[in-house]
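Peer 1: Dropping the sequence and predicted coords here.
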Amino acid sequence: MERRDFLKSATAAGVAAAAQPALSQAGQTSKRSPVKRPEESGMIYRELGTTGERVSAIGMGGYHLAKDPASTQQDAVKLVRTAVDRGITFMDNCWDYNDGISEVRMGQALKDGYREKVFLMTKLDARTSKEYDKQLEQSMGRLNTDVIDLVQFHEILRFEDPDRIFADNGAIHAAMAARQAGKIRYIGFTGHKDPQIHLRMFEVAAEHGFKFDTVQMPVNAMDAHFRSFAKNVIPVAQKAGTGVLAMKTFGDGYILRSKTIDPIEALHYGLSQPVSVVITGMEKPEILDQALQAASTFKPFTPEQTVAFLTKTKDAAMTGKFEPFKTSSIFDGTANNPKWLGGTSGTDVEPSSPKTEEKRVG
C-alpha cells in the first residue's frame, strides 16, 4: 500500500481494522482503580484518546528529575509529590533517562500512597521482544510498581524502527504479552525526528491490525513551520482514536532562546492544540509553579490568536535552528547507544511476513 493511499483511507476506516490474531487487542482492561485527583486544584483534565482515562493536561517530564547534577533524590521526591498534591496526575519517564536515575527518583516519590494518585508512563528503547522484557522488568523495579499505566516505544527516529518493532521477534509481541499479563495497561510510541517516520509507524501498525493508545511528538511554536508533527501527524492520530501527548514545548530551552515567545504563552499554545497532555520538564519548584500558572490561566487560542502567535515565530522557525532535535543527533540517545535497541538489523531481527511485504510493494 502506498503511504499516500494509507493517509487518505486507512485511518478513516480505523487503524485497528482487520486485526490479525497474533496482534489481538485483548488484555486492555484496567486492573487499577481510576486515578484520584484534587477537586479544586486549578488543573485542567482531559480524556486520553479513546482509553477512557482522564488525566491532567499538564504532564510532569521525568528526565528533568535528575537533569541537574546538584539536585538530590530528596529534592525530586518533594517536587513530584508537590506536583501531585497540586493536581498533576500524568507522570512521564523513560528507561534510559539519566541512566535510570529518573525512574528511581520517581519510584521513591510515588511511595506512601502517591502511586494510586497518578497515571504513570515510561518508555522503553527495545526493538526486540527479549530486550523489551528485560527493560520492562528493570523499569517496574525502579518505579516500585507492579503495573505501569502506559509504556511507549521510545525514539522512533529511523524508518526501519516500525518494521523492527513489528517483526516476528519484535518488541510489539512482548508488549502485547505484558499487557495481557497485567504488567502494563496501554501501549504507545514516541519520536521527535520527522513526522513521516511517525506516519510510517501508524502505517505498519495498520498493516498488522494494531491500534496505538497514544503517540508522543513535538508540538510547539516552531513545529508549525518546519517538518510539522502537528499538521501531519495529529490528524492521523485523531482519526485513529490515539491520544496525543505533546512534548518539546520549549525544545529544552532552544525555542525560548529565540526570544519570540515567553514560557506561559508557549504552554498556552500547546494546550490549545488537540492534545491530551502537554508534557514539560520541571526541575525546580519555580518551573512547576510556571506550569501550574499556565494551566490555571489557560483559555484556548482563537483562530486569530493562533495566527498572530505563529506569525511571531515563523522567521525563526523556517530552518529548524531552534528545533535541533529534528535536525541533529544531539537528542538521539538511541543513536549514541544502539545496544539499547537490542541488536542490529540483519542479525537478530527477522523480516515481516511475506504477506505484509506484498502489501508494501504495490
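Peer 2: Noted; the coordinates are in hand.
Peer 1: buried stuff in stretch 289-308?
Peer 2: Q290, A291, L292, A294, A295, F298, F301 (16 or more other CB atoms under 10 Å). For every residue, glycine as well, the C-beta is placed using N, CA and C.
Peer 1: quick one: which two of the residues you listed are the most distant?
Peer 2: Within the buried residues of stretch 289-308, two members stand farthest from each other by CB to CB: L292 and F301, at 19.4 Å.
Peer 1: now the strands for the stretch 101-250 of the chain?
Peer 2: Counting by DSSP state E, counting those that start in this stretch, the stretch 101-250 of the chain has strands at residues 119-124, 148-153, 184-190, 214-218, 243-247.
Peer 1: follow-up on the earlier one: dump the buried residues of stretch 289-308 to TSV, plus pLDDT, distance to A317 and secondary structure.
Peer 2: TSV is the format used below for the buried residues of stretch 289-308 (pLDDT from 0 to 100; distance: CB to CB, whole Å; DSSP: H, G, I helix; E, B strand; the rest coil):
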residue	pLDDT	distance to A317	secondary structure
Q290	95	22	helix
A291	96	23	helix
L292	97	27	helix
A294	96	21	helix
A295	97	25	helix
F298	97	23	coil
F301	95	17	coil
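Peer 1: Take those residues and write them to CSV, including distance to Y45.
Peer 2: As requested, the buried residues of stretch 289-308 are exported to CSV (distance: CB to CB, whole Å):
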residue, distance to Y45
Q290, 19
A291, 15
L292, 14
A294, 15
A295, 10
F298, 12
F301, 19
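Peer 1: Where does the prediction get shaky in the protein?
Peer 2: 1-41, 344-362 (pLDDT under 70).
Peer 1: tell me, what residue is most central in it?
Peer 2: Q216 (3.1 Å; CA atoms, centre = their mean).
Peer 1: That one bridge partners, please.
Peer 2: Going by DSSP bridges, Q216 is paired in beta bridges with T190, L245.
Peer 1: List the contacts of the residue lying closest to S258 once chain neighbours are set aside.
Peer 2: Leaving out its chain neighbours, the residue that sits closest to S258 by CB to CB, 6 or more residues apart in numbering is A316, at 4.4 Å. The contact partners of A316, by CB atoms under 8 Å, 6 or more residues apart in numbering, come to M222, S258, T260, F322.
Peer 1: Show me just the buried residues among the residues you listed.
Peer 2: Buried among the contacts of A316 (16+ other CB under 10 Å): M222, S258, T260, F322.
Peer 1: is it true that the second one touches F322?
Peer 2: Yes: taking contacts as CB atoms under 8 Å, S258 lies within contact range of F322: 4.9 Å.
Peer 1: Give me the common contacts of these two.
Peer 2: With CB under 8 Å, 6+ apart, S258 and F322 have common neighbours M222, A316.
Peer 1: number of nearby residues for the nearest residue to T297 once chain neighbours are set aside?
Peer 2: Of all residues not flanking T297 in the chain, I264 sits nearest, at 7.2 Å (CB to CB, 6+ apart). By other CB atoms under 10 Å, the residues close to I264 number 14.
Peer 1: quick one: secondary structure of I264?
Peer 2: Here I264 takes the helix state, with states given by DSSP: H, G, I helix; E, B strand; the rest coil.
Peer 1: go on, T280?
Peer 2: Applying three-state DSSP: T280 is strand.
Peer 1: what bridges to it?
Peer 2: Residues in beta-bridge contact with T280 (DSSP bridges): M60.
Peer 1: ok, now how distant is it from A57?
Peer 2: 11 Å (CB to CB, to the nearest Å).
Peer 1: Equivalent analysis for V204, please.
Peer 2: To A57, V204 is 30 Å away according to CB to CB.
Peer 1: what number of residues lie near the closest residue to T145 other than its chain neighbours?
Peer 2: The shortest distance from T145 to any non-neighbouring residue, by CB to CB, 6+ apart, is to R115 (5.9 Å). With neighbours defined by other CB under 10 Å, the count for R115 comes to 20.
Peer 1: looking at this, the residue nearest to S258 is in a helix?
Peer 2: Yes: with three-state DSSP as the criterion, A316 is assigned to a helix.
Peer 1: and the nearest residue to K67 once chain neighbours are set aside, how many neighbours does it have?
Peer 2: Closest residue to K67 apart from its sequence neighbours, by CB to CB, 6+ apart: E283 at 5.4 Å. Residues lying near E283 (other CB under 10 Å) number 18.
Peer 1: same deal with K259?
Peer 2: Applying other CB under 10 Å, we find 8 residues neighbouring K259.
Peer 1: same check, this time on R127
Peer 2: 32.
Peer 1: okay but it is in contact with A171, surely?
Peer 2: Yes: using CB under 8 Å, R127 is in contact with A171, at 5.5 Å.
Peer 1: which neighbours do those two share?
Peer 2: Here R127 and A171 share the contacting residues R164, I165, G342, scored by CB under 8 Å, 6+ apart.
Peer 1: Which of those sits closest to T51?
Peer 2: I165 (20.3 Å).
Peer 1: Hmm, that closest one is touching R127, no?
Peer 2: Yes: with contacts counted by CB under 8 Å, I165 reaches R127, the gap being 5.7 Å.
Peer 1: Common neighbours of the two, please.
Peer 2: A171.
Peer 1: now stretch 129-148, how far from the centre of its chain.
Peer 2: 17 Å (CA atoms, centre = their mean, to the nearest Å).
Peer 1: That stretch: which residues count as buried?
Peer 2: 129, 131-136, 139-140, 142-143, 145, 147-148.
Peer 1: Need the residues that contact that stretch.
Peer 2: 31-32, 93, 95, 100, 103-104, 106-108, 110-111, 115, 120-122, 124-126, 151, 169-171, 173-175, 178, 182-185, 340-343.
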